[in-house]
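Chemist: Fold the following, please.
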Amino acid sequence: MPGGGKVTISGRAMDGSVEISVRDEGVGIPPDMMPRIFTPFFTTKGKDGTGLGLSVTHNIVKTAGGRIEVESWSTKAPPSTSGCAT
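Modeler: Residues are numbered from 1 along each chain as shown. You can find the predicted model right below:
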């Protein structure tokens, strides 16, 4: 979030698993980039990003038997991006 903003992290128990939610007030992820966000080395940050954060996170969650989902509000109502791993 280049202009600053709030990041909210929450968790809850659900049917024998744990849901962790990360929500921010960023500008969102453009729809054409959504299919690539878990691809290793894909970044929108130029030299400031490695493109490994979501890829590594995705692999950790998957290896642990979980799943990771991302919703972006860049094309929806309130500006916010959220992710959920269970």
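
Chemist: For residue 40, the count of nearby residues, please.
Modeler: Other residues lying near residue 40 total 12 when counted by other C-beta atoms under 10 Å. Every C-beta, even on glycine, is put in place using the N, C-alpha and C of the backbone.

Chemist: per-residue pLDDT, it?
Modeler: pLDDT recorded at residue 40 is 96.

Chemist: Over to the one 3 residues further on?
Modeler: You'll see residue 43 listed with a pLDDT of 90.

Chemist: Please name the residues that touch it.
Modeler: 49-51 (C-beta atoms under 8 Å, 6 or more residues apart in numbering).

Chemist: which stretches of this protein aren't confidently modelled?
Modeler: Confidence mapping of the chain against pLDDT under 70 gives the ranges 1-2, 74-86.

Chemist: Kindly recompute the last result at 80.
Modeler: Filtered on pLDDT under 80, the chain yields the residue ranges 1-3, 73-86.

Chemist: Strands along that one, start to end?
Modeler: 7-14, 17-24, 68-72, 81-85 (DSSP state E).

Chemist: highest average neighbour count across these?
Modeler: strand 81-85 (a mean of 17; mean count of other C-beta atoms under 10 Å).
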